[in-house]
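**Student:** Coordinates for the following, if possible.
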Amino acid sequence: MRLKQLFGMIAILIGLTVYCLLAMRIGAWLFPLPLLLEILYYIVAGLLWLYPVMWALKIIERNNNPTEGDNQ
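**Tutor:** Numbering: from 1, shown residues only. Model prediction:
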């Protein structure tokens, strides 16, 4: 199971890096917009990554904790 966690964490780090680079690139493209819209974009982009990471962490942790019937 530890190998699953290692690969999952590596995938999360790579995915988060790609997401950050894309979010910055889109933010730079939107730079001519008014400052308030740019701030709003970065707030939304800064929070949006949480959902895929929470989903990935649930998958990584699934079947990792033994249930009561597995204590042999």
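**Student:** Show me where this structure dips below the pLDDT cut-off.
**Tutor:** 1, 63-72 (pLDDT under 70).
**Student:** Closest to the centroid, which residue in it?
**Tutor:** Val53 (3.3 Å; Cα atoms, centre = their mean).
**Student:** Run through the residues that contact that residue.
**Tutor:** The neighbours of Val53, taking Cβ atoms under 8 Å, 6 or more residues apart in numbering as the test, are Ile12, Leu16. (C-beta placed from N, C-alpha, C; glycine too.)
**Student:** wouldn't Met9 be in contact with Leu57 here?
**Tutor:** No - applying Cβ atoms under 8 Å, one finds Met9 not in contact with Leu57, separated by 9.1 Å.
**Student:** Run through the strands of the chain in chain order.
**Tutor:** Applying DSSP state E to the chain gives no strands.
**Student:** So which elements touch the biggest helix by length in it?
**Tutor:** Counting residues, the longest helix found in the chain (DSSP state H) is helix 2-29. Here helix 2-29 touches helix 35-48, helix 50-61, going by 3 or more Cβ pairs under 8 Å, 6 or more residues apart in numbering; DSSP states H and E.
**Student:** how close does the residue nearest to the centre of the chain sit to Ala28?
**Tutor:** 23 Å (Cβ to Cβ, to the nearest Å).
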